[in-house]
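Peer 1: Below is the structure, and that's it, no one-letter string:
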């Protein structure tokens, strides 16, 4: 009796979890060949040390800055154009995939007919497939299909982000209060009208916020697309690194920092104004 | 001599004078109730006595020490000997009751013991004993967010009982309990104080409870002591003066809702 | 007035989109004209028969385990570094340290994983170690910022109560702040892990271990069948991690 009273019911699960974590950690460290030491021993003897030593001063002659500006603008343009195409695909797909506009759900107390549900799954599956392949893999594939250059980057972002946006939009539509839309549908209004009047007003803030966040992600993604030849800053930094031009790399890293800070500010403004 | 306030005043940042020139002396082992209308400064006085707030002027002496002339580590050692029961105990929603109660001894435990106790409660019987006094032993392994306001107050009291301080301060300790439970809980507090020779100072909104359980009553109004006398000598006239023109304001209870942000990937 | 500004904002967004297409000179018409569509279809067809030979599968499973380990350890390390940096970044140790920590977090975050990986390959040589460190560095920046925000939004009363009864700073943090904080920290970590499994599978492009290297090589050699198996493996990994983190979230974050 006393024994049972003094036992913590959470003790065994905690112990098992700890053991499981330890058992998994060991092969994880083996597989990833983890060695934190390299972060500390970047001395001037090593190749890395010489490379980093060349970081100062960052390259800042007019020619290079012009090149940098062009690459930055290209990066921003790839992200924006990719997002625009992604939205074109994502909005209809999310409407198809979402349960929120189901006519049968409106009359069956929230649960759509199984057959209608079956029709939504292919769209959902497609969206999940599109978003699960990393954008840079798409870029690699498109570079082979449409050739080197920004087009591959735009298409890659359009494909991946249409999947991400479509899936999350559909979830957001389902997460808001369904009663206004159901009331409209039961009153005989069209699905699109029910969506615009019943769901959009409640979901608008979250939609905007998520879209802006994804646009920020798209900028980051388009930065690295260049590593596989899809234009933008990545291509430049890949070139500079291959030539061990530390100064150029340093200026580009600074540009990344600026870009990220700028995107932070812009998205803060957009969220406040539009949400 | 346990507590001495001389000419202690307290003004908050917004210019409100919560206490004006309070002189107070409470001897070791005394049991004192503070009564008064809302906004009279009861909580401020208790916070002063708990060394949570520094008086803007005047002197304060707790357990023979002047807390604001000590170094901060000495003050922490002094604070470990003082226990304060909060009106709405600030307990983390996800913390388990057993951990919340055992946290009472954090001022006395070494850091290693404190951290170990976080992973596995080290003194389950101790926590169960204090909770059992308050009829809450069945909630030992529940999470704080599953408890009602009155149950949380009892967890807060159990924590201070487990801390076993020399000076026990209680700020409206039974405000969220029904009358029977309030009676029982105050009995537990007073008995604990008696048995261990602990000085007990409690602020109470219910005058009857104060008169029934405490031998000495202090009436506080507008940050000043209106009367300070044995319970038997508190008459209706004094109570009327104390509560004259009181507006019925329920104190705003801060709602502790945890908002979790779950980013969508 | 506010409506006018919003209208201007929307107009400028539209203008930015049009300007982007014009700047890049993308001819969408040419992409969907009959000839190039046919070419693309042919290209896609070559992916439809994945190479499922035992030899290739065992190579892939090793790569997949490596990728999984990289993403998990990278996220774990990042959570530790992130929390260590989030404490000063939330202003716990005064403003000079706060600005310094914020600058460091922004710098870590601004440099994408793939660039970190390229740098780490220079420092640590080819292999998964470089990838793990790259993920850890970038994610530490992201998580540190999110953690700092979470820290600032956590109620302070419980920790103050512990201080008031004589507890040390560390005890007050562990008993007063952490219980409210850790579900949020866990939610952020899971979200980054879902991100990192995607990134870990492509860091091999610059030689930082995992499945990416196999994909890059097989695509360069025009072995679409092998590449298609690698992509399938990536999908399995992503779905697996998404499901696991979804379950963890259900079990520990929302409860």
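Peer 2: Done, it's in. Keep in mind that this is a model prediction, so the values were computed, not measured. Numbers count the residues shown, from 1 in each chain, chains lettered A, B, ... in the order given.

Peer 1: what number of residues lie near residue 178?
Peer 2: In the absence of a named chain, chain A is used. 21 (other C-beta atoms under 10 Å in any protein chain shown). In short, each C-beta sits where N, CA and C put it, glycine included.

Peer 1: my bad, the chain I had in mind was chain C
Peer 2: 18.

Peer 1: for the chain, what's the longest helix?
Peer 2: I'll assume chain A. helix A:62-97 (DSSP state H).

Peer 1: right idea, wrong chain: chain C
Peer 2: Chain C, longest helix under DSSP H: helix C:54-89.

Peer 1: Repeat that for chain B.
Peer 2: helix B:179-196.

Peer 1: ok, residues contacting the following helix or strand past the longest helix of chain C?
Peer 2: Downstream of helix C:54-89, the next assigned helix or strand under DSSP states H and E is helix C:95-110. The contact list for helix C:95-110 (C-beta atoms under 8 Å, 6 or more residues apart in numbering or on different chains) reads A:253, A:256-257, A:259-261, C:85-86, C:88-91, C:137-138, C:140-142, C:144-145, C:148.

Peer 1: give me that answer again for 6 Å
Peer 2: Residues from elsewhere that reach helix C:95-110 (C-beta atoms under 6 Å, 6 or more residues apart in numbering or on different chains): A:256-257, A:260, C:85, C:88-89, C:91, C:137, C:140-142, C:144-145.

Peer 1: can you tell me which of the residues you listed are up against chain B?
Peer 2: Among those, no residue sits close to chain B (C-beta under 6 Å from any C-beta of the partner chain).

Peer 1: domains of the chain?
Peer 2: Since no chain was named, I'll use chain A. A:2-40, A:62-274 (automatic domain parsing).

Peer 1: My question was about chain C, not that one.
Peer 2: C:2-45, C:54-253.

Peer 1: Pick out the residue in the stretch 51-200 of chain A sitting closest to chain B.
Peer 2: Nearest to chain B in the stretch 51-200 of chain A, going by C-beta to the nearest C-beta, is residue A:168, at a distance of 5.1 Å.

Peer 1: what's the burial count for that residue?
Peer 2: Considering only other C-beta under 10 Å, residue A:168 is surrounded by 22 other residues.

Peer 1: any idea which helix or strand carries it?
Peer 2: Per DSSP H and E, residue A:168 falls inside helix A:150-175.

Peer 1: And the average pLDDT for that helix is what?
Peer 2: Helix A:150-175 carries an average pLDDT of 92.

Peer 1: Next: stretch C:94-101.
Peer 2: Mean pLDDT, computed over stretch C:94-101, is 93.

Peer 1: Over to stretch B:171-180?
Peer 2: 91.

Peer 1: List the contacts of that stretch.
Peer 2: Here stretch B:171-180 has contacts from B:43, B:46, B:85-87, B:149-150, B:153, B:157, B:182, B:185, B:203, using C-beta under 6 Å, 6+ apart.

Peer 1: Can you name every helix or strand that the helix or strand following the longest helix of chain A contacts?
Peer 2: Per DSSP H and E, the first helix or strand lying C-terminal to helix A:62-97 is helix A:103-107. Helix A:103-107 sits against helix A:179-186, with contacts defined as 3 or more C-beta pairs under 6 Å, 6 or more residues apart in numbering or on different chains; DSSP states H and E.

Peer 1: and the next helix or strand after the helix it packs on, how far out from the chain's middle?
Peer 2: Using DSSP H and E, the next helix or strand after helix A:179-186 towards the C-terminus is helix A:191-194. Centroid separation for helix A:191-194 versus its chain: 29 Å, with C-alpha atoms, centre = their mean, to the nearest Å.

Peer 1: and the lowest-mean-pLDDT helix or strand in chain C, what other elements does it pack with?
Peer 2: Across the helices and strands of chain C, mean confidence by mean pLDDT, DSSP states H and E is lowest for helix C:28-31: a mean of 73. Contacting helix C:28-31 under the criterion 3+ C-beta pairs under 6 Å, 6+ apart is no other helix or strand.

Peer 1: Could you list the buried residues of that helix?
Peer 2: By 16 or more other C-beta atoms under 10 Å in any protein chain shown, helix C:28-31 has no buried positions at all.

Peer 1: Toward the C-terminus, what is the element adjacent to it?
Peer 2: helix C:34-45.

Peer 1: for chain A, what are the nearby residues on the stretch 51-200 of chain B?
Peer 2: So far as C-beta under 6 Å from any C-beta goes, the stretch 51-200 of chain B lies against chain A at B:121, B:124-125, B:141.

Peer 1: Please, a PyMOL command that selects the buried ones among the residues you listed?
Peer 2: In PyMOL, this line selects whichever of those come out buried by 16+ other C-beta under 10 Å:
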select buried, chain B and resi 121+124+141
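
Peer 1: Could you work out the most separated pair of the residues of the stretch 51-200 of chain B next to chain A?
Peer 2: Within those, B:125 and B:141 form the most distant pair, 13.5 Å apart (C-beta to C-beta).

Peer 1: do you know how far the residue of the stretch 51-200 of chain A closest to chain B is from residue A:174?
Peer 2: Distance from residue A:168 to residue A:174, counting by C-beta to C-beta, to the nearest Å: 11 Å.

Peer 1: What about the closest residue in space to residue C:140 that isn't next to it in sequence, how many residues nearby?
Peer 2: Among residues not flanking residue C:140 along the chain, residue C:81 sits closest, at 3.9 Å (C-beta to C-beta, 6 or more residues apart in numbering or on different chains). If you count neighbours by other C-beta under 10 Å, residue C:81 ends up with 19.
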